[in-house]
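[1] Here is my input; please provide its structure:
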Amino acid sequence: MPRRPVRGTICFLAISLLLCTDAGRPSYALQLLGDDEDADGGDGSTSFSFSSPQTTPGGLAFGFYDGTCPGAEETVASTVRELYAADSNVAAALVRLFFHDCFVHGCDASVLLGRANGATKSERDAAPNRSLRGFGAVDKIKARLEKECPETVSCADILALAARDSLVLVGGPSYPVLTGRRDSAGSFYRDVNVPPPNATYAMTLDSFARHGFTERETVALLGAHSIGKVQCRFFRDRIYNFAGTGEPDDSIDRDMVSEMRAVCGGDGRAPMEMGYYRQGREVGFGAHYYAKLLAGRGILRSDQQLTAGSTVRWVRMYASERGEEAFREDFAHAMVKLSALAPLTGSAGQVRITCSKPAV
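    Now for the predicted structure:
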């Protein structure tokens, strides 16, 4: 039997995201799904919970800033909305920035740091991060929060909240964001290791598994590639000279090859929409990303590779007639898990005044 909502508690109900209430505060039901659960249901899921506003075992809390900066979350949300109205590309940029941060020593805003404390390189200088955008957006949010509540809201929490708010703006699901993260004092250039654009599905699964993600969660998280842009240089070899053959990757739909070449032109530098699809089809955040993969229309090899192995069952599930709901639920659950990767809490770390510089 589903457990009834209890005041102040995040509740559970199957694989749904159940909204509860606590004196006007939204609460959520969350359940992460394991790979042994079939697409049409089963008992292979694993659950986790947290209370509001009490601190969780990981040191994070729901409503962490209620007593110290009560308007913090709304300031983040309103600033993201303002930035998005001026440039819709900021949404995908902030989501990607958050992911790249969390995959290196956890969600500690280390990716935001420039070279400091004598370091010759920061995470920003690592090859996978050189195309990251959104740093200016984070700086703008932080500046506003510093005026409201000096030295209170961490850059790590700003990233977590801004990623969620960005996803909502592009049609993605909302999900609860626990707060209370603190910022790293250092950057970890040598430890940057995210799956490259040409990764095989096995490489991608291995990378995510090292951070505790199941196969299903990995496929769901990659659905974020339904938004944003990618530079042609990241897939140019797929459409002109794949694996040194002088021919395009034979896993790409032939019409798609022509369309990709038309977008990239001769120099291959123009950006291409990650949500690019046949003319007249929907774009934006959604499970259409998986239908595109089944049609051989994945832009990055790492995306198309999801149809090359065991991961294809989740691609098929999300691409099915009823797959949109399952995808949105799974994606929300996986984002909650991502945002809880190895946070610095309590007296660990620091709260930076400027996100690109460690606190003195």
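[2] all helices of the stretch 201-350 of the chain, in order?
    Taking DSSP state H, counting those that start in this stretch as the test, the helices found in the stretch 201-350 of the chain are 201-209, 215-221, 236-240, 254-264, 288-294, 301-304, 312-319, 323-339.
[3] Looking at those, which is nearest to residue 160?
    Closest of those to residue 160 is helix 323-339, at 4.8 Å (criterion: Cβ to Cβ). C-beta here means a position set from N, CA and C on the backbone, and glycine is covered the same way.
[4] what number of residues lie near residue 147?
    By other Cβ atoms under 10 Å, the residues close to residue 147 number 9.
[5] do residue 236 as well
    17.
[6] Please render the helices of the stretch 201-350 of the chain as CSV that adds mean pLDDT and distance to residue 151 to the earlier fields.
    As requested, those are exported to CSV (pLDDT from 0 to 100; distance: least, Cβ to Cβ, whole Å):
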stretch, mean pLDDT, distance to residue 151
helix 201-209, 95, 35
helix 215-221, 98, 33
helix 236-240, 89, 45
helix 254-264, 87, 46
helix 288-294, 95, 40
helix 301-304, 95, 40
helix 312-319, 98, 43
helix 323-339, 97, 22
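[7] which residues does residue 185 contact?
    Applying Cβ atoms under 8 Å, 6 or more residues apart in numbering, we find residue 185 in contact with 117, 349-350, 358-359.
[8] before we move on, what about residue 106?
    So residue 106 contacts 341-344 (Cβ under 8 Å, 6+ apart).
[9] doesn't it fall inside a strand?
    No: the assignment for residue 106 by DSSP: H, G, I helix; E, B strand; the rest coil gives coil, which leaves it out of any strand.
[10] Per-residue pLDDT of it, please?
    Looking at residue 106, its pLDDT stands at 94.
[11] Please name the nearest non-neighbouring residue to it.
    Closest residue to residue 106 apart from its sequence neighbours, by Cβ to Cβ, 6 or more residues apart in numbering: residue 342 at 2.7 Å.
[12] what about that neighbour, neighbour count?
    14.
[13] Next up, the contacts around it.
    105-108.
[14] Could you work out the most separated pair of those?
    105 and 107 (9.0 Å).
[15] The two: who's more crowded?
    When residue 105 and residue 107 are compared for neighbours, residue 107 comes out ahead with 28 against 19, by other Cβ under 10 Å.
[16] If you count neighbours, what's buried in stretch 314-327?
    Residues of stretch 314-327 classed as buried: 314-320, 323, 326-327 (neighbour count, 16 or more other Cβ atoms under 10 Å).
[17] Quote the end-to-end distance of it.
    9 Å (Cα to Cα, to the nearest Å).
[18] Next: stretch 164-176.
    End-to-end for stretch 164-176, by Cα to Cα: 8 Å.
[19] And it, how far out from the chain middle?
    The chain centre lies 10 Å from the centre of stretch 164-176; the measure is Cα atoms, centre = their mean, to the nearest Å.
[20] next one: stretch 340-348
    That offset, for stretch 340-348, works out to 19 Å (Cα atoms, centre = their mean).
[21] cool, stretch 314-327 as well?
    Distance, centroid of stretch 314-327 to centroid of chain: 19 Å (Cα atoms, centre = their mean).
[22] what sits up against that stretch?
    Outside stretch 314-327, the residues within contact range by Cβ under 8 Å, 6+ apart are 15, 39, 215-216, 219-220, 223, 286-287, 289-291, 293-294, 306-307, 330.
[23] what does stretch 137-144 give?
    75-76, 79-80, 83, 90, 93-94, 97, 112, 153, 155, 158-159, 162, 352, 354-356.
[24] Tell me the buried residues in it?
    Of the residues in stretch 137-144, those buried (16+ other Cβ under 10 Å) are 137-139, 141-142, 144.
[25] Am I right that residue 185 falls within a helix?
    No: counting by three-state DSSP, one finds residue 185 to be coil, located in no helix.
[26] separation between it and residue 211?
    Distance of residue 185 to residue 211, given as Cβ to Cβ, to the nearest Å: 22 Å.
[27] Next: residue 161.
    21 Å.
[28] These two: which is more packed in?
    For residue 161 versus residue 211, the count of surrounding residues by other Cβ under 10 Å is larger for residue 161: 24 against 15.
[29] What residues does the more buried one make contact with?
    73, 76-77, 177, 179.
[30] In these, find the pair that's most separated.
    77 and 179 (13.0 Å).
[31] Show me which of those two is the more surrounded one.
    Neighbour count, other Cβ under 10 Å: between residue 77 and residue 179, residue 179 has more, with 26 against 18.
[32] For the more buried one, which non-adjacent residue is spatially closest?
    Nearest non-adjacent residue to residue 179 (Cβ to Cβ, 6+ apart): residue 64, at 3.9 Å.
[33] Show me which positions of the strand or helix carrying residue 77 end up buried.
    Element membership for residue 77, per DSSP states H and E: helix 72-86. By neighbour count on 16+ other Cβ under 10 Å, the buried set for helix 72-86 is 72-73, 75-77, 79-80, 83-84.
[34] how about low-confidence regions in the stretch 151-300 of the chain?
    Where the stretch 151-300 of the chain drops to pLDDT under 70, the residues are 266-283.
[35] mind checking the backbone torsions on the closest residue to residue 354 other than its chain neighbours?
    Distances taken as Cβ to Cβ, 6+ apart place residue 142 nearest to residue 354, at 7.1 Å, with adjacent residues excluded. When read as degrees, to the nearest 10, the backbone of residue 142 gives phi -60, psi -40.
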